[in-house]
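Trainee: predicted model and sequence below, questions to follow.
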Amino acid sequence: MYKTKLFLTLSLLSTLIFAETGLEIMERLDNQPTPDNVKATLTMTLVNKRGQTRSRTIQRFQKEYKTGEFSNKSLIFFLEPADERGTGFLQWNYAEAGKDDDQWLYLPALGREKRIAAAEKSSEFMGTDFTYDDMGDRDINKYSYTLMGEENLGDEACWKIEALAKDKSQAYQKLIYWISKEKIQPLQMYFFDKRGDQVKTLTFSEYKKIDGFWMAMQMHMVNSRKQHQTSLSMKDVDLKTVQDDNLFTIRLLKRGIQ
Amino acid sequence: MKKWFVLMAICLGCTQAIFAQISLNGFVRPYTAVNLHAPNNYMIMEEKASITTTLSGSDARGVFVLDTWYHHLTQTANWDLTEAYVDLFFENADLRIGKQQVVWGKADGIPINDIVCPWNLQDFILQDFDDIRIGLNMVKANYYFSFVNLEALWVPKFHPMELAQSGPWVFSLPDTLNLPLETPGGLDNLPVSISYHQPVLPADKLGNSEFGFRLYGFNLGFDWALSYLDAWDDVPALSEKQLYASLTPAGMVPDSIGIWQAYNRMKMVGFNFSRPVLTGVLRAEGGYFTGKQFGLDGINLDSTGATIGPFSVTKPYAQYMVGWDQNWKSWLNLSGQYIEQRILDYDTAIQNDEINRLVSLLVRGGFMNETLQYQILALGNLDYEDALMRTMLTYNYSDGVRLILGADFLIAGKNSTTFRQFDFGRFDQNDNAYLKVIYSF
C-alpha cells in the first residue's frame, strides 16, 4: 500500500515537473519546421445551410524569410470561378513584432491594385468562412495559453489548449486547439467571439509528410453562426521550387502568373 | 496568295513557339434598362458577348478582347477589338505593345491622373470600368529598379472622348443664343440659331503623338506615383465663333452663329499616394494641368457685325482629391472622396466656374458569404448642386452566373451651359432601373 502511494506521488510529481505548459506546446507548434517555399493549388468549396455549393480555386505562393525585414510573403491568384479570375492578393508579413502587414488586392475590373488596411484581416476571404487573418500565420504572442488536458481525436492523442487573447483587438477572444502529440500539428480549432460564443470550428485532416514537412491536405471550417461551411483542399503542392523574391511584388500581382 | 499563306504559316509557327498555352474566357450579358419617368420607355436593350483570348508563354503573352453586341432598340449589331496587345517580359522590364487600357491614379471613378485613355460616354458615366475606358494603340514600357519603377508610354495617334450622338445620353448643346442687340425700342434679346462644326482631329504625324512617364514605388509604407503626360485634351474647346447676318431694310440683322471647336495640347504633372492609417486607408491624388482652353462667354461684335475674339482662353488648373477607405466588416465598407478643380489665374469671362467641387461616397458590402452584394454610390457636385446616386444589388446565383438589379438616379441642380464630364443635372430625366444577367466562362 505504501509503495503504491509512493509510486502515485512520484508519478504526479514527475508529471508536474516534466509536463509542458500550454505556452511551451504552442511554442513547439510555432517552431515546427515550415517549408521556406510553398506553391499549391487550393480548392475551396462553400456550402450554405440549404446545401447549395459554390467553389473557388486559387493558386498560392508563399515564401518564408529566416532573417531580415520580412517574416513571410504570400501571393494568391484566383483561377475559378470565371468571374473572379485574375483577382490577386499580395501580403507582406513583417518580422518586427506589432508591425502591421502590408496587403494589396488586384481586381481586373479596376485595372489597378488597391491597398487594404491590416484591420480588414477579420473580413472574410472572398466569401469563404476563412478570414484574411485565418489564411495567414497567427502571432502566438498575442494570446496566453493554458493546457486544459489531453484528449483523443479519432485515434490521435492530442493536447487540448485554451488560448485567451491578451487584448480586445483580436478577432477571436478565445481559441481552443487540439494539437496532435505525434505530429505536433493542429487537428482541430474552436474559435470564440468577444461574447464568448463559439462561432467557428476548423478541422485539419489528411496530413501528408511532403519533403519532411507535415501538410494538412484538407481543412474544413464550419461557421456555426451562419450555418455555412468551407472545405479547403490542397493539391499540386510544391515545396522544392525556390520562389523568386520578385514573385511577391505588385508587378506580378498585376501581371498574373503565366 | 501563296505568299500570304507562307507568311501566316510562319506567324502561326512563331506563335506556337512563343506561346505554350492558349485560353479563352469571357462573358455573355443581356442588359435591359427602363426609364423610371416613363416606365414603358426602354433605354437599353442589349445583348453583349465578350471573349478574351490569352496566349501565354514563359516570357511573352498575347491578349485579345473581342466585344460584340446587339442593340434591340436601334436593331444594330457591332463589334470591337477593345484590347489587343502583346506583352514581353524581361528580367527587370516589361513591354506592352498594342491596343490597351492604362489606369493611372488612386481616385475611384474620377480621372485626375488617369487621363491616358479617353472615356466612352455613350452611356454617360454609367458603364462598367472595363467599358468606360477606350483602349488606345500604344507602346508601354516598365522598368523595375530596386526601389523605384519607371513607366513610359507613347501613343502615336490621338483618340478623343466619345460622346453619345443620339439617344438619352446625348450631350445636347443649346441650338439658339439670345443675342443682345440695339433696336429702336432699346436693347432686345434676339434669338439666333447656332450651327456647330465638328472639331477636326489632329493630323497623323509624329509631332502629334502623345507620351507620358510615371515614376512609382512603395517606400515607407506609401504606395506613391509621380506622373507626367503630354497629350491632347480629350474634350474640344471653342476655337471660333462666326456671326452670319442678312442685310434688311432695318439694317444688318443677325440670323445664325457658327461655332467651331478644336482639340488642344495639354500637359499634366501629377502625384498620388495611398497608405493605411489607423484602421483605414488614406488616398490622395493631384494634378497640375497646363494648355487647357476654357470657353469665354458672350459674342463680341465689331462695327461691321463680324465677331471678334478671343473666344477661349488658356489657363492652368489644378485638380486634387483626398479619399478615405474604411472597411469594417464584409457587409460594410465605406469609401469617401473630396475632389476639387480650381482654375488658376481665373478670368470672370470664362464659362466654367473658378472652383468645381465633387464629393463621392461609396457604401458596399456582401451578405451570405458574398452571395448577395450591394453597392450604393453617391456622387454630388457642391457647386452645381446636382448629383448621381447609383444603387446596385448583385445576386451570385451560382459560380459564374450573377444577376444585377440596379437603379440610377440623376438629380438636377443649377444649369450649366458648358460641357462637364459629370453633368448629372443635364440628364435628370434619365433615372433608370436595370437588370443585367452575366454568365462568365
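Mentor: The structure has been received and is ready for your questions. Residues are numbered from 1 along each chain as shown, chains lettered A, B, ... in the order given.
Trainee: A:Ser71 is in what secondary structure piece?
Mentor: Assessed by DSSP states H and E, A:Ser71 sits inside strand A:70-80.
Trainee: give me the residues contacting that strand.
Mentor: A:41, A:55-65, A:84-95, A:126, A:135-137, A:247-248, A:252-253, A:256-257, B:399 (C-beta atoms under 8 Å, 6 or more residues apart in numbering or on different chains). Any C-beta I mention is one placed from the backbone N, CA and C, and that applies to glycine too.
Trainee: quick one: low-confidence ranges for the stretch 101-250 of chain A?
Mentor: Within the stretch 101-250 of chain A, the segments meeting pLDDT under 70 span A:119-121, A:136-137.
Trainee: buried residues, the strand or helix carrying A:Trp214. List them.
Mentor: For A:Trp214, the host element (DSSP H and E) is strand A:213-223. Using 16 or more other C-beta atoms under 10 Å in any protein chain shown as the test for burial, strand A:213-223 gives A:213-217, A:219-223.
Trainee: one more: stretch B:434-441?
Mentor: B:434, B:436-440.
Trainee: near chain A, which of those residues show up?
Mentor: The subset of these within reach of chain A, by C-beta under 8 Å from any C-beta of the partner chain, is B:438, B:440.
Trainee: farthest pair within the buried residues of stretch B:434-441?
Mentor: Using C-beta to C-beta, the buried residues of stretch B:434-441 reach their maximum pairwise distance at B:Tyr434 and B:Ser440, which is 18.4 Å.
Trainee: can you name the residues that contact residue 128?
Mentor: In the absence of a named chain, this looks at chain A. A:Thr128 touches A:44, A:46, A:56, A:221, A:230, A:232, B:369, counting by C-beta under 8 Å, 6+ apart.
Trainee: correction: the question concerned chain B.
Mentor: A:Ala109.
Trainee: can we see that at 10 Å?
Mentor: Applying C-beta atoms under 10 Å, 6 or more residues apart in numbering or on different chains to B:Asp128 gives the contacts A:109, B:29, B:436, B:438.
Trainee: among those residues, which one lies nearest to B:Pro254?
Mentor: Distances from B:Pro254 to those, taken by C-beta to C-beta, are shortest for B:Lys436, at 49.4 Å.
Trainee: doesn't B:Met45 make contact with that closest one?
Mentor: No - B:Lys436 lies out of contact with B:Met45 (C-beta atoms under 10 Å); the separation is 11.8 Å.
Trainee: and the residue of chain A found nearest chain B, how many neighbours?
Mentor: Nearest residue of chain A to chain B (C-beta to the nearest C-beta) works out as A:Gly127 at 3.3 Å. A:Gly127 has 21 neighbours, counted by other C-beta atoms under 10 Å in any protein chain shown.
Trainee: tell me the SS of the residue nearest to it when sequence neighbours are not counted?
Mentor: With sequence-adjacent residues excluded and distances taken as C-beta to C-beta, 6 or more residues apart in numbering or on different chains, A:Gly127 is closest to B:Glu370, at 3.3 Å. Classification of B:Glu370 by DSSP: H, G, I helix; E, B strand; the rest coil places it in coil.
Trainee: could you measure from B:Glu370 over to A:Tyr172?
Mentor: Applying C-beta to C-beta, to the nearest Å, the value for B:Glu370 to A:Tyr172 is 21 Å.
Trainee: residues in contact with the most centrally placed residue in chain B?
Mentor: Chain B has B:Trp119 as the residue nearest its centroid, 2.5 Å off, counting by C-alpha atoms, centre = their mean. B:Trp119 sits next to B:111, B:125, B:127, B:131-134, B:160-163, B:234-235, B:421 when contact means C-beta under 10 Å, 6+ apart.
Trainee: ChimeraX command for the buried members of those?
Mentor: Buried subset of the contacts of B:Trp119, written as a ChimeraX selection, criterion 16+ other C-beta under 10 Å:
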select /B:111,125,131,132,133,134,160,161,234,235
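Trainee: and the contacts of B:Trp119 as a markdown table, adding secondary structure, distance to chain A and pLDDT?
Mentor: Below are these laid out as a markdown table (DSSP: H, G, I helix; E, B strand; the rest coil; distance: C-beta to the nearest C-beta, whole Å; pLDDT from 0 to 100):
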| residue | secondary structure | distance to chain A | pLDDT |
| --- | --- | --- | --- |
| B:Pro111 | coil | 12 | 92 |
| B:Ile125 | strand | 15 | 85 |
| B:Gln127 | coil | 12 | 83 |
| B:Asp131 | helix | 10 | 83 |
| B:Ile132 | helix | 11 | 90 |
| B:Arg133 | strand | 8 | 92 |
| B:Ile134 | coil | 13 | 95 |
| B:Pro160 | coil | 21 | 95 |
| B:Met161 | coil | 18 | 93 |
| B:Glu162 | strand | 18 | 92 |
| B:Leu163 | strand | 22 | 89 |
| B:Asp234 | coil | 18 | 94 |
| B:Val235 | coil | 22 | 90 |
| B:Gln421 | coil | 19 | 72 |
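Trainee: now the helices for chain A?
Mentor: Under the criterion DSSP state H, chain A contains helices at A:2-18, A:22-30, A:132-135, A:250-255.
Trainee: swap in the stretch 201-350 of chain B?
Mentor: For the stretch 201-350 of chain B, no helices are identified by DSSP state H, counting those that start in this stretch.
Trainee: can you list the residues of the stretch 251-400 of chain B near chain A?
Mentor: B:273-283, B:325-331, B:333, B:335, B:365-371, B:373, B:396-400 (C-beta under 10 Å from any C-beta of the partner chain).
Trainee: near chain B, which residues of the stretch 101-250 of chain A are found?
Mentor: By the rule C-beta under 10 Å from any C-beta, the part of the stretch 101-250 of chain A lying against chain B is A:101-104, A:107-120, A:122-129, A:131, A:169, A:223, A:226, A:228-230, A:246, A:249-250.
Trainee: take those residues and keep only those in strands.
Mentor: A:102-104, A:107, A:112-116, A:223, A:228-230 (DSSP state E).
Trainee: may I ask which two of those residues are separated the most?
Mentor: By the measure C-beta to C-beta, A:Arg112 and A:Gln229 form the most distant pair in these, at 33.8 Å.
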